[in-house]
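Colleague: I need the structure of the sequence given here:
(one chain, ligands or ions: 2)
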Amino acid sequence: MPSSSSVPPSETLFKSSLRDSARTRPGPSSTAGSNADQWPPSMNASHLDPSQWAYLAEGGKNLLLRFDGDLQAGKEAGWVNANGSRALALRLVKSEREQGASSSSFSSTSGSADSLPPRPNFEASVIAPLLGKEHILPPTARISLEGEQMGAGSLFLEKVAARIELARPAERRRVAGVDLEAGFVDMVEDLTWTAPGDEVLAVEIKPKWLFPTGKYSRYKKHRVLKSQGQLTLEQWNALYDPLDLVSGDAERIHKATEALVQDWESGGNNLRVFMGGQAVRDAKSNDLQRLLSRLFPQSNPTHTSSSQILVSLLKDILSTSDTQAVLQRLAHLQSSLAPLDIQTLSTWWRAQTGGQALGQEGDGSNSSSSPLSAPPSLEEYREFAQDWLKLQPRSDAEDDGQQEPTSSSSSSVALTLRQAVLGTLLSATFKDCSLFLRLGPEQEDMTPSTSTAPVSTSTAGGAVENEPRQELQTQSLTSVTENSSAPAASSSTTNSLAASLSASASALLGGSSSYLDPKLVGPHVGERNTPREESEGSGRQTGAAATVGHMLRIIDVDAKPLRKLNYWLELEGQLEEAFELWKDRVGLPETE
Ligand SMILES: O=P(O)(O)O[C@@H]1[C@@H](OP(=O)(O)O)[C@H](OP(=O)(O)O)[C@H](O)[C@H](OP(=O)(O)O)[C@H]1OP(=O)(O)O
Ligand SMILES: Nc1ncnc2c1ncn2[C@@H]1O[C@H](COP(=O)(O)OP(=O)(O)OP(=O)(O)O)[C@@H](O)[C@H]1O
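Modeller: Ligands and ions are numbered 1, 2, ... in the order given. All right, here's what the predicted structure looks like:
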């Protein structure tokens with residue numbers, strides 16, 4: 001008999017995330033697993049049938065499968081809920097295929113793979129508390145293929161990998177494939193799932209670095225490196241800039257949205273569109289045009305391209321206070337979890353461990369009892385996140401059910417090297433996560449589960465009467481001002497390193513009343529014209545999003561391996577060098 005699924009502490013998240021819809025939906029007909037009254041039920045390897053799964057999408061490390069079997073069979077097995085409105089996807093980990101074709105996901109300095117905390121547990125006990133919002137992660141749990149199941153399990157992986165191989169993009173196939181030795185598959189709610197007869201558009205946005213790091217946007221500088229210096233000034237100006245998204249300025253949010261849609265049209269990975277559970281790569285797709293015109297009848301598809309409708313729709317959603325609150329939260333997590341820049345961290349690492357590469361200790365290192373280069377455990381991450389959260393302003397702490405913040409008198413807490421490493425790794429997770437938006441006619445589970453009101457409604461003229469809701473309690477999460485200097489010092493001398501560490505330690509663990517670096521704090525979105533108010537005034541509001549509900553989730557929040565630290569250090573050096581050369585060559589103005 002197969003062993004039962006390992007549904008670790010994430011089970012709590014799994015159940016609670018489904019609580020709201022469970023109240024309003026008919027009970028499941030599932031007979032699979034032990035919880036006949038719950039959807040999704042617990043699953044084990046014996047429920048996995050390779051013929052029921054098709055390719056959905058993939059990133060550098062994971063590959064997603066969507067349920068593609070008979071709907072009734074899916075309901076009976078529990079992959080689909082009773083009324084067909086929700087379904088599970090499978091997330092498989094990948095392993096490197098070709099030495100030398102290595103992507104950043106697999107680049108390693110040690111050759112030995114880091115052991116990472118199990119993803120469902122990491123999400124439930126580290127990422128969810130940091131995000132501060134119970135329902136923002138899609139529910140996930142692990143199906144173990146270990147032990148007696150490994151035979152059948154690996155058979156599943158082998159068969160399904162062969163089945164979907166040709167559906168994968170060539171550039172991904174060359175580098176990596178399904179890891180047949182993984183020993184587990186994770187199930188996760190499929191955010192692209194569309195019930196038969198329903199019309200849902202799903203849009204994934206990878207916002208990247210949402211906080212200022214100096215004069216120019218880090219994301220745009222990275223694009224210069226990726227273009228091998230071939231970017232023109234005109235292309236630079238048209239690039240997506242994450243800082244626009246969190247600027248609180250309607251025009252800039254509009255520009256960022258246009259650039260994201262343009263990125264999708266040209267095959268980039270900052271925006272992806274899904275329809276009927278499948279990725280749409282062609283902006284001229286007739287199916288997409290038809291869906292958009294049915295979802296947004298105000299727009300005239302004969303005169304408006306799908307891309308224009310998407311821009312109009314997405315900029316409205318990205319401007320809402322709930323989406324802005326999530327973006328601001330991400331910006332803050334990205335910047336404040338890692339108060340030291342990577343060069344400063346490296347200097348500290350070398351001084352303390354004698355190691356030449358960041359993440360590796362020197363021969364004479366004196367930390368054998370608890371090696372600094374040991375992969376962080378789940379418990380370590382959890383404690384770090386809890387300590388960090390305790391320092392948050394009361395509103396955040398209350399919302400999360402966390403303890404009260406530490407009083408401002410405890411500003412002497414010192415940041416250890418290990419904490420700086422943990423913070424850097426966690427910050428990287430948030431720098432690489434994505435927003436997932438499901439858009440469709442308003443229905444209860446299309447709006448965030450804490451909401452009773454639709455996100456936006458519109459008058460006939462297209463002006464939006466929006467009742468702003470704070471998805472996150474973010475009184476202290478305010479707009480990021482772009483021209484501020486970065487919170488981390490970048491000096492490499494020992495003295496200024498000490499100064500920078502003390503400043504950074506106090507920014508991270510100092511117990512001040514706000515965990516935001518004051519230099520990063522701008523006016524609250526609500527304290528001046530909101531993007532929405534400005535966009536009404538600008539006359540660019542089309543009302544495209546008028547009748548559309550949206551649901552927002554965050555995906556791609558896996559732990560980063562320790563070996564990536566050195567990769568980031570090298571990347572930063574290359575990036576600065578390439579940017580300086582390019583900047584002088586094209587004559588980029590000193591201020592944008
Ligand atoms: O280093 P970056 O900024 O290029 O980000 C990598 C991403 O590249 P991007 O620039 O978004 O196209 C990269 O995305 P793609 O594979 O290019 O889609 C991965 O997300 C990678 O993370 P991981 O190693 O798979 O955990 C990402 O690596 P890290 O976030 O670990 O750096
Ligand atoms: N819950 C989900 N529902 C639907 N699609 C999903 C879900 N989670 C992930 N995906 C899709 O699968 C892709 C890969 O998943 P994920 O982001 O977890 O992998 P990754 O390898 O960590 O990605 P990256 O390389 O961007 O870090 C995502 O970009 C998204 O398109």
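Colleague: who are the packing partners of the strand or helix carrying Gln386?
Modeller: According to DSSP states H and E, Gln386 maps onto helix 378-390. Counting contacts by 3 or more C-beta pairs under 8 Å, 6 or more residues apart in numbering; DSSP states H and E, helix 378-390 packs against helix 119-122, helix 128-131, helix 394-400, helix 417-431, helix 494-509. In short, each C-beta sits where N, CA and C put it, glycine included.
Colleague: just want the angle from that helix to helix 417-431.
Modeller: With axes from the mean of the first three to the mean of the last three C-alpha atoms, to 10 degrees applied, the angle from helix 378-390 to helix 417-431 works out at 80 degrees.
Colleague: pull the CA atoms of helix 378-390 into PDB?
Modeller: C-alpha atoms of helix 378-390 as PDB (Å, rounded to 0.1, in the frame of the first residue of the first chain):
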ATOM      1  CA  LEU A 378      13.500  25.700   8.500                       C
ATOM      2  CA  GLU A 379      13.600  26.400  12.200                       C
ATOM      3  CA  GLU A 380      16.400  29.000  11.700                       C
ATOM      4  CA  TYR A 381      14.400  30.800   9.000                       C
ATOM      5  CA  ARG A 382      11.200  30.700  11.200                       C
ATOM      6  CA  GLU A 383      13.000  32.200  14.200                       C
ATOM      7  CA  PHE A 384      14.600  34.900  12.100                       C
ATOM      8  CA  ALA A 385      11.200  35.800  10.600                       C
ATOM      9  CA  GLN A 386       9.600  35.800  14.000                       C
ATOM     10  CA  ASP A 387      12.300  38.100  15.400                       C
ATOM     11  CA  TRP A 388      12.000  40.400  12.500                       C
ATOM     12  CA  LEU A 389       8.200  40.500  12.800                       C
ATOM     13  CA  LYS A 390       8.400  41.300  16.500                       C
END
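Colleague: smallest gap between the protein and ligand 1, at which residue?
Modeller: Gly60 (2.8 Å; C-beta to the nearest ligand atom).
Colleague: would you enumerate the residues in contact with that residue?
Modeller: Contact criterion C-beta atoms under 8 Å, 6 or more residues apart in numbering gives Lys94, Ser103, Ser104, Ser105, Phe106, Ala176 as the residues in contact with Gly60.
Colleague: follow-up on the earlier one: for the helix holding Gln386, buried residues please.
Modeller: Using 16 or more other C-beta atoms under 10 Å as the test for burial, helix 378-390 gives Leu378, Glu380, Tyr381, Arg382, Phe384, Ala385, Trp388, Leu389, Lys390.
Colleague: could you give the mean pLDDT of that helix?
Modeller: Average pLDDT, helix 378-390: 96.
Colleague: please tell me how far Gly354 sits from Phe296.
Modeller: 61 Å (C-beta to C-beta, to the nearest Å).
Colleague: just Gln230 next, same as before
Modeller: 37 Å.
Colleague: which one's more surrounded, these two?
Modeller: Using other C-beta atoms under 10 Å as the criterion, Gln230 and Phe296 rank with Phe296 on top: 24 against 9.
Colleague: tell me if I'm right that that one and Ile309 touch.
Modeller: Yes: look at Phe296 against Ile309 with C-beta atoms under 8 Å: they come within range, at 6.0 Å.
Colleague: let me know the helix or strand that the residue nearest to Ile164 when sequence neighbours are not counted is in.
Modeller: Counting by C-beta to C-beta, 6 or more residues apart in numbering, Tyr55 is the residue found nearest to Ile164 once chain neighbours are left out, at 4.0 Å. Using DSSP H and E, Tyr55 sits within strand 53-58.
Colleague: and that strand, anywhere near ligand 1?
Modeller: No: applying C-beta under 6 Å from any ligand atom, one finds strand 53-58 separated from ligand 1 by no less than 8.4 Å.
Colleague: what comes up buried for that strand?
Modeller: Trp53, Ala54, Tyr55, Leu56, Ala57, Glu58.
Colleague: CA atoms only for that strand, dumped as PDB, please.
Modeller: C-alpha atoms of strand 53-58 as PDB (Å, rounded to 0.1, in the frame of the first residue of the first chain):
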ATOM      1  CA  TRP A  53      -1.400  15.800 -16.400                       C
ATOM      2  CA  ALA A  54      -0.200  18.200 -19.000                       C
ATOM      3  CA  TYR A  55       2.400  20.900 -19.200                       C
ATOM      4  CA  LEU A  56       1.400  24.300 -17.700                       C
ATOM      5  CA  ALA A  57       4.500  26.400 -17.200                       C
ATOM      6  CA  GLU A  58       8.000  26.400 -15.800                       C
END
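Colleague: near ligand 2, which residues of this structure are found?
Modeller: Close to ligand 2, as judged by C-beta under 6 Å from any ligand atom, the chain has residues 56-62, 64, 89, 138, 188-192, 204, 272, 432, 434, 555-556, 558.
Colleague: just the buried ones from those, in PyMOL syntax?
Modeller: This is the PyMOL syntax for the buried subset of those, where burial follows 16+ other C-beta under 10 Å:
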select buried, resi 56+57+58+59+61+62+64+89+138+188+189+190+191+192+204+272+432+434+555+556+558
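Colleague: what residues are up against the residue lying closest to Asp263 once chain neighbours are set aside?
Modeller: In space, and not counting its chain neighbours, Asp263 is closest to Asn270: 4.7 Å by C-beta to C-beta, 6+ apart. Contact analysis of Asn270 by C-beta under 8 Å, 6+ apart lists Ile205, Lys206, Pro207, Lys208, Tyr240, Leu260, Asp263, Trp264.
Colleague: which two in those are spaced the farthest apart?
Modeller: Largest separation among these by C-beta to C-beta: Lys208 and Trp264, giving 14.7 Å.
Colleague: interface residues of the stretch 401-550 of the chain facing ligand 1?
Modeller: By C-beta under 6 Å from any ligand atom, the residues of the stretch 401-550 of the chain that approach ligand 1 are Ala428, Lys431, Asp432.
Colleague: need these in JSON lines (columns: distance to Leu288 and pLDDT).
Modeller: Below are these laid out as JSON lines (distance: C-beta to C-beta, whole Å; pLDDT from 0 to 100):
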{"residue": "Ala428", "distance to Leu288": "33", "pLDDT": "98"}
{"residue": "Lys431", "distance to Leu288": "30", "pLDDT": "98"}
{"residue": "Asp432", "distance to Leu288": "27", "pLDDT": "98"}
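Colleague: may I see these organised as TSV, with distance to Asp244 added?
Modeller: Formatted as TSV, these follow (distance: C-beta to C-beta, whole Å):
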residue	distance to Asp244
Ala428	22
Lys431	17
Asp432	19
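Colleague: any weak-confidence spans in the chain?
Modeller: Residues of the chain that meet the criterion pLDDT under 70 lie in 1-37, 98-103, 107-114, 147-153, 299-302, 364-370, 394-413, 442-548.
Colleague: please list which of the contacts of Asn270 also come close to ligand 1.
Modeller: With C-beta under 6 Å from any ligand atom as the criterion, the contacts of Asn270 include Lys206 near ligand 1.
Colleague: perfect, I'm done here.
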